[in-house]
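Student: Give the three-dimensional model of this entry:
(3 chains)
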Amino acid sequence: MAASRLGIVARRVGGAIPSLVGVVVVTFVLTRSLPGDPAVYFAGLMADAESIAATRARLGLDRTWIEQFVSYVERLFAGDWGVSLQTGRPVLTELSQRLPASLELTLAGLLFAIGVAVPLGVLAATRPNSWVDHLCRVVVTAGVSLPTFFTGLFLVYLFYFLAGVAPSPLGRLDFIYFSPPHVTGFYTIDTALAGDWWTFRGALAQLVLPALTLGLFALAPIARMTRASMLAALSADFVRTATAMGLSRRKVLWTYAFGNAFLPVLTTLGMVFSFLLGANVLVERVFSWPGVGSFAIDALVASDYAAVQGFVLAMALLFVAVNLLIDVIYTLVDPRVGLEG
Amino acid sequence: MAAPLLDVDGLSLEFRTRSGVVKALEDVSFQVAKGEILGLVGESGSGKSVSAYAAMGILDAAGCVTAGAIRYDGMAVTGAPEREVAKLRGREMAMIFQSPRTALNPIRTVGDQIGDVLRRHGGATRQTARARAVEALAQVRIPDPARRARAYPFELSGGMCQRVCIAMALACRPKLLICDEPTTGLDVTTQAAIMALIVELCRERGMGALLITHDLHLAAETCDRIAVMHAGHVVETGAAADLFAQPRHPYTASLIAATPAAGRTLDAIGAIPGNLPDLRAALPPCRYRARCPRALGVCDADPLPPLGSGHGVRCHNPLGCNPMGEEATVDHAAA
Amino acid sequence: MAEALRKPFGGHFLYVLRENPVTVLAFAMLCVILFAAAFGPMLAPYDPLASNAMNALRPPSAAHWFGTDHLGRDVFSRVLVATRLDLAISVAAVALSFVVGSTLGSLAGFYGGWVDAVIGRITDTIMAFPLFVLAMGIVAVLGNSVENIVYATAVVNLPFYIRVARAEVSVRRTAGYVEAARLAGNSEARVLALTIFPNILPPMMVQISLNLGWAILNAAGLSFIGLGVRPPTPEWGIMVAEGATYIISGEWWLALFPGAALMLAVFCFNLLGDGLRDLIDPRKRT
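Tutor: You can find the predicted model right below:
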């Protein structure tokens, strides 16, 4: 049993390869369809004619596009993602230094969204037409209509300017604090690990509003799917059986109904993550959050193409990885996957 | 006769839906004695399953009892707090359903599902639940129960899933088993085996059973007594042999005439004219009135006579003692 | 057509409106938005581009309903005039994805085989990217212009149209009326274009309506981070971006009004999409 599960998981991992290939091909095409001469961009700001020629040779722009693709892939694997025009540093370094900030924000937003949306959806499904159900419906419809950048600004106005309870929306940590020693790159976790609770509070305070903004955006699709799949599960035959066997309400609701309703919700999380990675860029801009999104916006405005391509590729790889993770969890939870049919 | 195990007494029940109030049951009475198998027969939509769900206290929220009572072993089920009724389910009375493959949780092993019931009612602990679930599976004649306990429902056949459902229902030795079309959706040979198993276990344990079916043959072979339902009324009850030999309600007669059997040509099988009435509309006292070939003037005016005991019938003009002559009726039904 | 005509459509339409008054509200909002898009420039009380340093950052008043921005421009006029551009970008993008997506999806669903495989691979590849990020990348490559925002938004929306069209066509491929059209001597391409395609329009309409809101958000998001529309052109996303700086100092009206306009437009299209779905397929109601 366990061995066959492992085999299916391995097959899932293999199944992500076409997506990976697709992502790499698309980013390659994006790189090569730049207006003008890519060598100029990749050579960096200080390049003269000589170094541009050198870059052209290094990138293999004088060769056929198949050769170019091969060398592109080779360089990707070797960690050579080009040099950022703005900072003069390798793109991969820039991205990997900023990624923890973005991930901390995205995951915090996602956790908040799941924490609110799942109970909301479950309650709405168990009490149709109650106030919870109506609340759920409002959240679901309003949530998808909210422009993230607008929600963020609105929260800043409410909690920073009017109420004065939130810190100024400028980055991950106010200047009065020192950055914690780098372990995970997540300030909240690093400060907690270091036992520096004062800085922890500072980092958390900075995190709350942007995470809330992202979370409000992700709430709607999760709540909608939870409610719908929970309604379906509650009217399923096996829930009727469990009730007829006299199992406790809690057991019926959570182990039987939610255990099954959780699967479509899990699938939805993939889509939600895609939206979050996009919304993240906007939220980082609003809160001056020093993540990959802010980096990409600056790069876009400055026509720093290597950096933009690197950002797109990194986000796509991250998304493929998340989808793979979701697939694997699904495989482990649902015994039917890959065995029937 | 001692006090019945399950006593449904003058039960009326409505569903309040958006498209109107559905008068699903009206003045329904039947009893299941200890160790007795009662068959509840009738067309789809006649209220058989609703009666059973009401007895189990698992009607959905739109269902509402307006009159009468259901008593289990002297204790009122209707009107009792949900907490009290929940204690009866699985422990005192249990139920199995049609389409057994969807009746089991698809992502939980059958052993765990039986274990859940045992831990709830049977005093099993997390450690002992598994062994006792295997034991329960063995009692419903499942070969290699230890291996099957680790299987998921989708890995088992429909017949095997129904055995699992029976094992789960009987795990805590209830006194009453309600079977809602237990063989629907199974193939014919499996049907026979499942029915044989149910009857055997009932006899063995002296369990009372309520068998809901639209299959008259099955009811005739299996049940001690039969109650015939039509459009939310119990129209006739009696010992199985009496009822089939001498049906007294015109509807029962038509049902029997409409049943295919060996040696009967298709022409000889009569369809019952008309459909079940719309239970949302205003209804005449006798809900079979519009389909009945023996209707009299009195049928429109007077309330139905009470069922009575023994071979009871709720009809102003039953077969057997009537002015019209019963052959004519059967001919009509056969036409 | 065959399917649509069988239903008493008008009666059902009235029924849906009666059952769901929210749809009526959404429909009224749509009319207001369309009116603003059509006549906005004529109705605007001030020139949306005329700056007046003497009158900068004034809160809402009788003269300036939505206040004035940092250059003294009238926010109300700018919000009103921006309606046309925002709507045009999203409608153009959605129209483009609808035409290309439904064609590709129909071909995939109708012919199956390698056509389906190739189109499916394209869809999966687009879906492997976080969509907004892909749109950013496309704009970066094509160049920073309004036109390219339309293309980028259209590309990232393609998969949704391809999937719906493919699914709807493939279930109808062997339907009775399709077989009848074939037996009547129509060519395969003609059967697809004239018999099947009209029948997938209702579900595609739902997709369009739900997608329009998302396209507006996407385009506004891109201009919020400085792509596409350039200042001083009035556009909701860019106005929120300009107003963002002043939120911290309490001048809320710069960002609030364009943001609210954006939100209402998206809300309107989402509600319409839900209403339309109820109208076309009551079973999918949630």
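Student: any idea how far residue A:139 is from chain C?
Tutor: 13 Å (CB to the nearest CB, to the nearest Å). From N, CA and C alone the C-beta is placed, and that goes for glycine too.
Student: Same question for residue B:73.
Tutor: From residue B:73 over to chain C the distance is 43 Å, taken as CB to the nearest CB.
Student: Hmm, that residue is touching residue B:33, no?
Tutor: No - between residue B:73 and residue B:33 there is no contact under CB atoms under 8 Å: 11.2 Å.
Student: what touches both of these two?
Tutor: residue B:5 (CB atoms under 8 Å, 6 or more residues apart in numbering or on different chains).
Student: Near residue B:245, how many other residues are there?
Tutor: A count of nearby residues for residue B:245, using other CB atoms under 10 Å in any protein chain shown, gives 10.
Student: For it, what are phi and psi?
Tutor: phi -70, psi -40 (degrees, to the nearest 10).
Student: what's near enough to touch it?
Tutor: By CB under 8 Å, 6+ apart, residue B:245 has no neighbours at all.
Student: does residue B:95 sit in a helix or strand, and which one?
Tutor: strand B:93-96 (DSSP states H and E).
Student: What segments of the stretch 101-250 of chain C are helices?
Tutor: Taking DSSP state H, counting those that start in this stretch as the test, the helices found in the stretch 101-250 of chain C are C:113-127, C:131-142, C:146-172, C:176-183, C:188-190, C:197-224, C:236-247.
Student: can you tell which of the ones you listed is closest to residue B:41?
Tutor: Closest of these to residue B:41 is helix C:176-183, at 38.2 Å (criterion: CB to CB).
Student: Where does the prediction get shaky in the stretch 51-200 of chain A?
Tutor: The stretch 51-200 of chain A contains residues with pLDDT under 70 at A:59-60.
Student: List the buried residues in the helix ranked longest in chain A.
Tutor: Using DSSP state H to define each element, chain A has its longest helix at helix A:197-234. By neighbour count with 16 or more other CB atoms under 10 Å in any protein chain shown, helix A:197-234 contains the buried residues A:199-200, A:202-204, A:206-231, A:233-234.
Student: Those residues: which ones sit near chain C?
Tutor: Contacts with chain C within the buried residues of helix A:197-234, counted by CB under 8 Å from any CB of the partner chain: A:224, A:227, A:228, A:231.
Student: Which residue comes closest to the last one once chain neighbours are left out?
Tutor: Yep, that's residue A:231 we're talking about. Among residues not flanking residue A:231 along the chain, residue A:125 sits closest, at 4.6 Å (CB to CB, 6 or more residues apart in numbering or on different chains).
Student: What is the burial count for the one you found?
Tutor: Residues within reach of residue A:125, counting by other CB under 10 Å, total 25.
Student: rewinding a little: okay if I get the ones next to chain C among the buried residues of helix A:197-234 as TSV plus pLDDT?
Tutor: Below are these laid out as TSV (pLDDT from 0 to 100):
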residue	pLDDT
A:224	89
A:227	91
A:228	89
A:231	90
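Student: between those residues, which is closest to residue A:289?
Tutor: If you rank those by distance to residue A:289 using CB to CB, residue A:224 comes first, at 27.5 Å.
Student: out of everything not next to it in sequence, what's closest to that closest one?
Tutor: Per CB to CB, 6+ apart, closest to residue A:224 is residue A:140, 4.6 Å.
Student: The one you found against residue A:226, yeah?
Tutor: No - using CB under 8 Å as the test, residue A:140 is too far from residue A:226 to be in contact (10.0 Å).
Student: Throw the helices of the stretch 101-250 of chain C into TSV and include mean pLDDT and distance to chain A, thanks.
Tutor: As requested, the helices of the stretch 101-250 of chain C are exported to TSV (pLDDT from 0 to 100; distance: least, CB to the nearest CB, whole Å):
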stretch	mean pLDDT	distance to chain A
helix C:113-127	91	3
helix C:131-142	89	2
helix C:146-172	91	9
helix C:176-183	85	27
helix C:188-190	85	29
helix C:197-224	87	5
helix C:236-247	87	5
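Student: Excluding covalently adjacent residues, which one is nearest to residue A:214?
Tutor: Nearest non-adjacent residue to residue A:214, counting by CB to CB, 6+ apart: residue A:109, 2.9 Å away.
Student: thinking again about what came up before, in terms of distance to residue C:136, which of the ones next to chain C among the buried residues of helix A:197-234 ranks first?
Tutor: Out of those, the member with the shortest distance to residue C:136 (by CB to CB) is residue A:224, at 26.4 Å.
Student: Can you tell me what sits against stretch B:233-244?
Tutor: Contact with stretch B:233-244 is made by B:26-30, B:39, B:47, B:216, B:219-220, B:223-229, B:247-249, B:251-252, B:256, B:286-288, B:304, B:307, B:310-315, as judged by CB under 8 Å, 6+ apart.
Student: List only those of the residues you listed flagged as buried.
Tutor: B:26-30, B:39, B:47, B:216, B:219-220, B:223-229, B:247-249, B:251-252, B:256, B:286-288, B:304, B:307, B:311-315.
Student: residues near the residue of the stretch 151-300 of chain A found nearest chain C, how many?
Tutor: Across the stretch 151-300 of chain A, no residue is closer to chain C than residue A:278, which sits at 2.5 Å (CB to the nearest CB). Using other CB under 10 Å, residue A:278 has 26 neighbouring residues.
Student: Skipping its backbone neighbours, what lies nearest it in space?
Tutor: Nearest residue to residue A:278, sequence neighbours excluded (CB to CB, 6+ apart): residue C:132, at 2.5 Å.
Student: For chain B, see how far away that neighbour is.
Tutor: Distance, residue C:132 to chain B, using CB to the nearest CB: 34 Å.
Student: any idea how far residue C:220 is from that residue?
Tutor: Distance, residue C:132 to residue C:220, using CB to CB, to the nearest Å: 11 Å.
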